[in-house]
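[1] Predicted model and sequence follow; I will ask about them next.
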Amino acid sequence: MIKIKTQKEIEIMREGGKICAKIFEKILKEVRPGITTFYLEEKTKELIKKAKVKCAFLGYKGDNEKPYPACLCTSLNEELVHVPPSERVLKEGDVLKIDFGIFWESFYLDMARTVGVGKISFEAQRLIRVTKKALKLAIKKAKVQNTFGDIGNTIQRYVESQGFNVIRDLCGHGIGRALHEEPKILNFGKRETGKEIKEGMVFCIEPMVSCGDWKVENTKDGFGYKMKDNSLCAHFEDTVAITKRGTEVLTKID
C-alpha cells in the first residue's frame, strides 16, 4: 500500500531534504583524483554530526542480512550501486556514483549523483548527461493523474533513444518513515500502467543507465551491484513530493 503523507509530514521532509542536499553538495566538492572513497565517508560523517542528523544507510539491512557498514555508497565505473567506501584511490577518468541519505525527525531522505573524477572520456560525459536528463524528464512526468508507468516509459524511451540501456533489476521507491516504501518505480514500462500518482505521495526516482547490457550481478563485497558485462554505468536520484503546489524535488541541489 502506498502511504500518503500529510502536509505536516511533507513539510518535515522538505526541511530534511534541504539538509540532505546541502551535505551532499559539500561531499561532491571533495571528489578529485588521489583521494580514497573512505576519505569521502569520513568527511560525510563530519558533516552529518555538524548538521545533527543521522545517516540513513549506516546499519541498514534491507534484503541483505548484513547491516550496511557506511553512510555513503561509492560505486566506481562498472559498479552501479551500494558499494561501501574503502581505501581505493580515485583516479583520473573514473566515474563515481555517490548515493546518500539522512534520517531527520523520523523521516528518510535519499539522493544520488554520478560525477567524473578529473577529466573523463567523451562517452562517460554523454552517459552522465543522459542519465541526469532522464531524471529531469521523469520528474516532469511525476504529477497527479499520471501513472508510475508513465515515469518508467519516459526514462526508457529517452535513454534508449540516446543509445544506452536502462537497468531493469533495480528501481526507485516510495520513502517516508521507512527508507524503502511502496511503490517500486521502474525505469522502464508502458504508458498508463501501474498505480496512479496522487497528492501526498513521496518517492524516489532513480534512473540507472548502462553503456552496455542492462544485466547486473552482485559485487564481491556482498552489498553492491555491478554491470555483468563490466560496462560503464551511471545513477541519479532525487526524493520527490506531490503537493498542492505541484511536484517538488525535496533534495534539489541549487
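    Sure thing, it's come through.
[2] quick one: low-confidence parts of the stretch 151-254 of the chain?
    Judged against pLDDT under 70, the stretch 151-254 of the chain has no low-scoring part.
[3] All the strands of it, residue numbers only.
    Applying DSSP state E, counting those that start in this stretch to the stretch 151-254 of the chain gives strands spanning 165-166, 172-174, 181-185, 202-205, 208-210, 216-218, 225-227, 233-235, 238-243, 246-249.
[4] which residues touch Glu206?
    112, 135, 171-172, 185, 187, 235-238 (CB atoms under 8 Å, 6 or more residues apart in numbering). For every residue, glycine as well, the C-beta is placed using N, CA and C.
[5] Neighbour-wise, which one of those leads?
    The residue in these with the most neighbours, by other CB atoms under 10 Å, is Gly172 (28 neighbours).
[6] Distance of it relative to Phe236?
    Separation of Gly172 from Phe236 (CB to CB, to the nearest Å) stands at 11 Å.
[7] Would you list the phi and psi of Thr37?
    Dihedral pair for Thr37: phi -70, psi -20, per degrees, to the nearest 10.
[8] heads up, I number from 506, so please use that
    That works, and once the first residue is 506, the last one we named lands at Thr542.
[9] hang on, it packs against Lys596?
    No: using CB atoms under 8 Å, Thr542 is not in contact with Lys596, being 11.7 Å away.
[10] and Gly567, how many neighbours does it have?
    Burial of Gly567 is recorded as 13 neighbouring residues (other CB under 10 Å).
[11] can you check the one 3 residues further on too?
    Other residues lying near Glu570 total 7 when counted by other CB under 10 Å.
[12] sorry, back to before: closest one of the contacts of Glu711 to Lys703?
    Minimum distance to Lys703 across the contacts of Glu711 is 14.2 Å, recorded for Ile690 (CB to CB).
[13] gap between the closest residue to the closest one other than its chain neighbours and Leu640?
    The shortest distance from Ile690 to any non-neighbouring residue, by CB to CB, 6 or more residues apart in numbering, is to Gly677 (3.4 Å). Distance of Gly677 to Leu640, computed by CB to CB: 10 Å.
[14] Just to be sure, Tyr544 is in a strand?
    No: with DSSP: H, G, I helix; E, B strand; the rest coil as the criterion, Tyr544 is located in helix rather than a strand.
[15] burial of it, as a residue count?
    That count, for Tyr544 with other CB under 10 Å as the rule, works out to 17.
[16] The residue nearest to Lys749 when sequence neighbours are not counted and Arg519, how far apart?
    Of all residues not flanking Lys749 in the chain, Glu704 sits nearest, at 6.6 Å (CB to CB, 6+ apart). Between Glu704 and Arg519 the computed distance is 15 Å (CB to CB).
[17] Need the overlap of contacts for Gly677 and Leu640.
    With CB under 8 Å, 6+ apart, Gly677 and Leu640 have common neighbours 710-711, 742.
[18] Format these as JSON lines; extra columns: distance to Thr659.
    Shown next, in JSON lines, are the shared contacts of Gly677 and Leu640 (distance: CB to CB, whole Å):
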{"residue": "Ile710", "distance to Thr659": "10"}
{"residue": "Glu711", "distance to Thr659": "14"}
{"residue": "Glu742", "distance to Thr659": "16"}
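[19] so which of those residues comes closest to Ile528?
    For the shared contacts of Gly677 and Leu640, the nearest to Ile528 is Glu742 (14.9 Å; CB to CB).
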